[in-house]
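S.K.: Can you look at this prediction? I've put the sequence above it.
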Amino acid sequence: MTYEEIVDKVKKRLTDVKDKDLSGFLAIQVNITGEGEGAFYVEVKDGKLSVEPYEYNDRQAKVIMDSKNFLKLMDGKLDPVFAFTTGKLKIEGSVEKVLEFSKLL
């Protein structure tokens, strides 16, 4: 899967979330390694959700995963806690904010 396809999949997955009541602030950057390598961010701000194919310098956390494991995580085939404890998911920054992000997915 290409980088663009991964970002599109995240956008489509989070379309339903846009209709829900979003509060607070969340800024997570996702760095995909391996096939489909690239970075994008998910931001919740002022009740709006954005997914953009750019790095986010003022992020609260960065998630680093290879594309295969990230897609498994999105499809519910990989538990985020298991992925983190086995090293398939790396986090830089706030683990709490990453858990909020995983609930959106």
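M.R.: In hand now; what should we look at?
S.K.: other SSEs contacting whichever strand or helix holds Glu92?
M.R.: Per DSSP states H and E, Glu92 falls inside strand 90-93. With contacts defined as 3 or more C-beta pairs under 8 Å, 6 or more residues apart in numbering; DSSP states H and E, strand 90-93 has these neighbours: strand 61-66. Backbone N, C-alpha and C define where each C-beta goes, glycine included.
S.K.: so Glu100 sits in a helix?
M.R.: Yes - checked against DSSP: H, G, I helix; E, B strand; the rest coil, Glu100 lies within a helix.
S.K.: What values do phi and psi take at the spatially most central residue of the chain?
M.R.: Geometric centre of the chain, nearest residue: Val30, 5.1 Å, by C-alpha atoms, centre = their mean. Here is the backbone geometry of Val30 (degrees, to the nearest 10): phi -120, psi 120.
S.K.: Report the beta-bridge partners for it.
M.R.: Phe40, Val63 (DSSP bridges).
S.K.: Contact partners for it?
M.R.: Val30 makes contact with 10, 39-42, 62-63, 65, 70 under the criterion C-beta atoms under 8 Å, 6 or more residues apart in numbering.
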